[in-house]
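J.: The following block contains a protein sequence and its predicted model.
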Amino acid sequence: MDATLITVIGTLSGTLIGTLGTWIINDQKNKNDNKQAEQRRRWELEDKERAESYEKEQNKFLAYNKILKSASEHMIVTTGNYINLRDFKIKIYMDNVRPLIYENLHILDKEVVSRVRKIDTEIDKMNYLVDSEPEWIDYCAQLYDEMLEMIEHKYLD
């Protein structure tokens, strides 16, 4: 009986050790597979974000190109009638440059959008008060020039 008991215990021990070893190996394999799948998902997400960022940057520069082209084709800031004050051609700005800006406002840099909104505020103020002071027009010209400088500076970054 001792030999049979030893055989049964040996067989059960071998089966238990084999089952435990298989379970440990499968558990490690599953953890490794999950880790690799997570890594692949992360890489795919990073690739997607990088592609979206690149496309957004390209679209932003296309918009800047249109704005700079329109600015060079239309003389918006000129010498004013007063000494040291410039003239800002509001109608030309509103008809030619502003539509290009607002078509792409969502992708432009915050500093540029801020200048555009300040120009719009000044124009609204002048429209509301009917008569405009030369300093207000000069301020619009200054804001417009700053906006163009910011755009041109983006090409140097």
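T.: In hand now; what should we look at?
J.: Could you use CA atoms for every contact and neighbour count after this?
T.: Will do.
J.: hey, where'd the helices end up in this structure?
T.: 2-73, 90-92, 98-103, 110-128, 134-154 (DSSP state H).
J.: closest to residue 79 out of these?
T.: helix 134-154 (9.6 Å; CA to CA).
J.: export the helices of the chain to a markdown table and tack on distance to residue 84, mean neighbour count and mean pLDDT?
T.: Formatted as a markdown table, the helices of the chain follow (distance: least, CA to CA, whole Å; neighbours: other CA atoms under 10 Å; pLDDT from 0 to 100):
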| stretch | distance to residue 84 | mean neighbour count | mean pLDDT |
| --- | --- | --- | --- |
| helix 2-73 | 22 | 13 | 90 |
| helix 90-92 | 19 | 14 | 89 |
| helix 98-103 | 26 | 15 | 92 |
| helix 110-128 | 19 | 15 | 90 |
| helix 134-154 | 9 | 18 | 89 |
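J.: want to try CSV for those, with distance to residue 79 as columns?
T.: Converted to CSV, the helices of the chain look like this (distance: least, CA to CA, whole Å):
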stretch, distance to residue 79
helix 2-73, 16
helix 90-92, 14
helix 98-103, 21
helix 110-128, 18
helix 134-154, 10
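J.: Could you check how far residue 49 is from residue 57?
T.: 12 Å (CA to CA, to the nearest Å).
J.: cool, residue 138 as well?
T.: 32 Å.
J.: same deal with residue 152?
T.: For residue 152 relative to residue 57 (CA to CA), the value is 15 Å.
J.: go on, residue 36?
T.: Distance, residue 36 to residue 57, using CA to CA: 31 Å.
J.: For residue 150, give me its contacts.
T.: The neighbours of residue 150, taking CA atoms under 8 Å, 6 or more residues apart in numbering as the test, are 111-112.
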